[in-house]
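Undergrad: This is a predicted model, with the sequence first.
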Amino acid sequence: MTGPNFSRPPCFNHIAVSVEPDELDASGRTAIVDFLGDLFGAAEYPEMTRDRARLVLGLHTHEQFFFVVAEDEPMRAARMDHVGVSVGSLEDFHEVARRAAAWHERFPDEVELIEPSHEDFAGVLRLHSFYVRYRLPLMLEVQHFEVLT
């Protein structure tokens, strides 16, 4: 490969999406924080929150975060447009999938869920994944890369 000689490989660090201002009122922000907190341990940065304008949630480090901003003409995405989040173990994958299913059971008209499945690649890798969406314009795809060798 060509390119710069990085001191560490570049890594994905955030996703930014826009929603309607009403989605970022107190109850909307709480719903988003509760959902992403329950599934991934995301936590709001309250010092960055602006009512009906902005919500920022850290994902276990300051270098990984969700940035949600209000726009009068918010982001629109096709159903399967998504951002991927990987987890480190099959047990973690099943736990996040269980939590997503519980949200879907509680809010079936608001939480869109595509059930877990997996693909095998040449007996070397099994890719586990499921999709979930709640209050944001993009689906979240949760993956676990199970090495079979």
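TA: In hand now; what should we look at?
Undergrad: domains in the protein, as residue ranges please.
TA: For the chain, automatic domain parsing gives the domain ranges 14-70, 82-147.
Undergrad: Distance to residue 5 and mean neighbour count added to the ones you listed, as JSON lines?
TA: Where you see a C-beta, it was placed from the backbone N, CA and C, and this is true even at glycine. Output for the domains of the chain, formatted as JSON lines (distance: least, CB to CB, whole Å; neighbours: other CB atoms under 10 Å):
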{"stretch": "domain 14-70", "distance to residue 5": "21", "mean neighbour count": "16"}
{"stretch": "domain 82-147", "distance to residue 5": "26", "mean neighbour count": "15"}
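Undergrad: could I get those domains as JSON lines with mean pLDDT?
TA: Below are the domains of the chain laid out as JSON lines (pLDDT from 0 to 100):
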{"stretch": "domain 14-70", "mean pLDDT": "97"}
{"stretch": "domain 82-147", "mean pLDDT": "97"}
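Undergrad: what's the closest of those domains to residue 76?
TA: domain 82-147 (6.3 Å; CB to CB).
Undergrad: That concludes my questions; thank you for your assistance.
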